[in-house]
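Q: Sharing a model prediction with you, sequence too.
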Amino acid sequence: MEVEAGQRTAPVWKCRFFPSEVNEKQLADWHRMYSVPAEIEFIVPGPNDRADDPPLGCVALNQAVLAAGLRLPFPRIVRKFLREWGIAPTQLCPNGWRILLGFLIMWDQFGFPRPSVGEFNSLYSFKSDGRRSRWWYASVKPRTGGSVVTQTPDSIKNWKQFWFYVRGPWQFSANDTGPHVNIPVRYHELRYTSHEPAPEFVERARQVRAVDESFRSSSVLITEENLASARLSSTTSSNSRPSQSGKQMKDISTLLKKKGQAGKGKRKAPSEGQPPASRPRTEEEGTQAEVPSPARSVEEIASFPTRGEPSSSPVCRPPQPSSQIPPRPSTRIPPTYLGSTPERDEEYLKLRGSIPKPLRDFFRSNSPTRGDIVELPSSARRAISVLGKSWTPDQQKYLDIMGTVESIVAASVNTSRAAIQLTSAAEKIGRMLNDIQVMREEGKKIQAELSEEKRLRALSEDILLKREEELRKKEDELKAMSDELEVVNKSRADLEHDLEGERKSNAQLKATLEKSADKDEAVAKFKSSNAYLAEQEVVYFLTMEELIETTSEKRPDWDVQFLRDELADLKRKSTLNPPSPEEVDQDLAEVDQARSGE
């Protein structure tokens, strides 16, 4: 968005909750349905795109905004309103668009100058659609007389997610003149300023609200013909096909354009060659533009129930002197009845031209010229009763025809009102059917979600059963492993006990070996000692002596003297000191102790 020097932008609000749910087929249907120019493209957003931050050169739109009456490219007056408010197109709720467009159409049909943003803000305030959202809808201010546009839909649901991007010359049309007015494309806070409206605007609002609410319904106002007539659509009115109620609203709006400012100043002269009611208006027409005075009050022509004071304009003025009675009218010039004006004559010709010729002939042949004036409106009957015989037959016949035409117009308006009521009822039924269809679709979605949830639940139960079976198997395996571990632990305990016994045995054996080693060393040392050698010699000597004695006893015939001599010789040759008897006893005791230890 372009920002002028010194202008402070509002804080940007990011939308992250509504991804788009549109497809190519829907966009093609909407492009054709709303008569979008071929050079303007509709683009399907991506899954990560958001409406509050469109790509460069694009703007986000909702289908509900197009259904509310917005047409592409954006009208200049709409761009002014959005620029002044500082919001993107999708930030204004669909009913807010209906109120804005219907407001502009009503001002156009009355012939009033284009309203400003401040004047609109004097009648409406804006409220946020939710505590945390930045979608805005228009609400009527209290003590302002009610809304200009009536019968908007009560509620529109599920419209925020059906958005898309628009690319191309969507902002300016080819015949757009004047300085460019850009609109914001990203979401911002609303800039709302209101002031006391001018008395002229208050009077215009009062005149607009005097119209019956059925003609101010959003469904009646917002049509392709009215949008084109109010320069809110690039589609020409010749290409549009308005409904019968739209045609009747156009006829009534022609009368409404002449209401409300009679006698408030001089009328401007019409353009050359053009009747006053068909003079074109410029887009920037000033606030002082005058509207021709009405031919007769709208309440008397169309039997509108008004909210304010009834109009004091009579159909016919009080009688004038006979010298002022107009001459007999010709066949080609419209008759100038008492109190007529060029605007009234032109209006009569328009009304007369709208009646088929067979019907005109029937009225002409059955006109109440014989004093039977029951079918005439009350205003015409009062005028005839006052005038009496001062009227010529032709003038009285003309007045009868005018009264009959007024009766036909009133009946036509009543029929149109009934048709509009039927149309409104049909639209309500259609909305109810749409709501029922939406509820059915939501029910189908809920049923599909329940089926999916049931399927997922069954799948989850199967998965849980499988997991339970796996857990049971794992528990059995763990139990078997626990039993094996218990056996292993028991075997380990036994092994540790055996090892402990072996360790003790080894310790005892080691101690024994160490003790045996000490004994062997002591024995070896003892054996190498002189005492041991001496003991051995003593033992040898004793043994020899015992042998000699035994032999001499048992074999007295043997000669054992040589043995005694040899033993004595050995004793003499011994180098060892013979141990004492005490030493021998001690050594023998140690040997006996060592043997007993083994």
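A: Sure, I can see it. Numbers count the residues shown, from 1 in each chain.

Q: Could I get the average pLDDT for the one helix or strand Ile463 maps to?
A: Element membership for Ile463 (DSSP states H and E) is helix 393-527. Taken as a whole, helix 393-527 has a mean pLDDT of 82.

Q: now swap in stretch 223-242 and tell me
A: The model assigns stretch 223-242 a mean pLDDT of 72.

Q: rewinding a little: please pull up the helix or strand immediately following the helix holding Ile463.
A: Per DSSP H and E, the helix or strand that comes after helix 393-527 is helix 530-554.

Q: So for that following helix, what gets flagged as buried?
A: Ala531, Tyr532, Ala534, Glu535, Glu537, Val538, Phe541, Met544, Ile548, Ser552 (16 or more other Cβ atoms under 10 Å). Where C-beta positions appear, they are placed from N, C-alpha and C, glycine not excepted.

Q: Give me the mean pLDDT for it.
A: Mean predicted lDDT for helix 530-554 stands at 78.

Q: Which strands or helices does it pack on?
A: helix 561-573, helix 581-597 (3 or more Cβ pairs under 8 Å, 6 or more residues apart in numbering; DSSP states H and E).

Q: Okay, angle between the helix holding Ile463 and helix 530-554 too, please.
A: When axes from the mean of the first three to the mean of the last three Cα atoms, to 10 degrees is applied, the directions of helix 393-527 and helix 530-554 differ by 50 degrees.

Q: Give the other helices and strands that helix 393-527 contacts.
A: helix 218-221, helix 244-256, helix 298-302, helix 342-353, helix 357-365, helix 378-387, helix 581-597.

Q: Least confident of those helices, on average?
A: helix 298-302 (a mean of 36).

Q: who touches Ile548 in this structure?
A: With contact set as Cβ atoms under 8 Å, 6 or more residues apart in numbering, Ile548 has these partners: Val560, Leu563, Arg564, Leu567.

Q: Buried residues, stretch 148-160. List them.
A: Here stretch 148-160 shows Val148, Val149, Thr150, Gln151, Thr152, Pro153, Ile156, Trp159, Lys160 as buried, counting by 16+ other Cβ under 10 Å.

Q: try stretch 418-435
A: In stretch 418-435, counting by 16+ other Cβ under 10 Å, buried: Ile420, Thr423, Ser424, Glu427.

Q: what's the spacing between the third one and Ser147?
A: When Cβ to Cβ, to the nearest Å is applied, the distance between Ser424 and Ser147 equals 16 Å.

Q: before we move on, the earlier item: which of the buried residues of stretch 418-435 lies closest to Pro169?
A: Glu427 (33.4 Å; Cβ to Cβ).

Q: Tell me where the stretch 51-200 of the chain has strands.
A: Assigned by DSSP state E, counting those that start in this stretch, the stretch 51-200 of the chain shows strands spanning 58-62, 124-128, 136-140, 163-167.

Q: Let's have those in CSV, adding mean pLDDT, mean neighbour count and distance to His497.
A: Putting the strands of the stretch 51-200 of the chain into CSV (pLDDT from 0 to 100; neighbours: other Cβ atoms under 10 Å; distance: least, Cβ to Cβ, whole Å) gives the following:
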stretch, mean pLDDT, mean neighbour count, distance to His497
strand 58-62, 93, 23, 85
strand 124-128, 81, 16, 85
strand 136-140, 65, 18, 89
strand 163-167, 94, 23, 83
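
Q: In a markdown table: those strands, plus distance to Gly118.
A: Output for those, formatted as a markdown table (distance: least, Cβ to Cβ, whole Å):
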| stretch | distance to Gly118 |
| --- | --- |
| strand 58-62 | 25 |
| strand 124-128 | 11 |
| strand 136-140 | 15 |
| strand 163-167 | 29 |
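
Q: so which of those strands comes closest to Ile436?
A: Comparing the strands of the stretch 51-200 of the chain by Cβ to Cβ, strand 58-62 comes nearest, at 22.6 Å.

Q: Now tell me what touches the closest one from outside.
A: 43, 45, 51-52, 54, 70, 88-90, 94, 159-160, 162-167, 170-171, 183, 185.

Q: So what are the structural domains in the chain, by residue number?
A: Following automatic domain parsing, the chain resolves into domains at 1-236, 529-598.

Q: Pick out the shakiest of those domains, pLDDT-wise.
A: domain 529-598 (a mean of 74).

Q: list the contacts for Thr551?
A: Trp558, Val560, Leu563.

Q: are any of these buried, and which?
A: Leu563.

Q: from the contacts of Thr551, which single one is nearest Leu227?
A: Leu563 (166.4 Å).

Q: That closest one contacts Met544, correct?
A: Yes - Leu563 lies in contact with Met544 (Cβ atoms under 8 Å); the separation is 7.0 Å.

Q: quick check, nearest of the buried residues of stretch 418-435 to Val208?
A: Ile420 (17.3 Å).

Q: and of the domains of the chain, who's closest to Glu477?
A: That would be domain 1-236 among these, by Cβ to Cβ, at 46.6 Å.

Q: quick revisit: CSV for the domains of the chain, including distance to Val438?
A: Formatted as CSV, these follow (distance: least, Cβ to Cβ, whole Å):
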stretch, distance to Val438
domain 1-236, 7
domain 529-598, 113
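
Q: Pick the most buried one from those.
A: Comparing those by mean neighbour count (mean count of other Cβ atoms under 10 Å), domain 1-236 ranks first with a mean of 18.

Q: so which of the domains of the chain comes closest to Leu513?
A: Of these, nearest to Leu513 by Cβ to Cβ is domain 529-598, at 12.6 Å.

Q: Cheers, nothing more for now.
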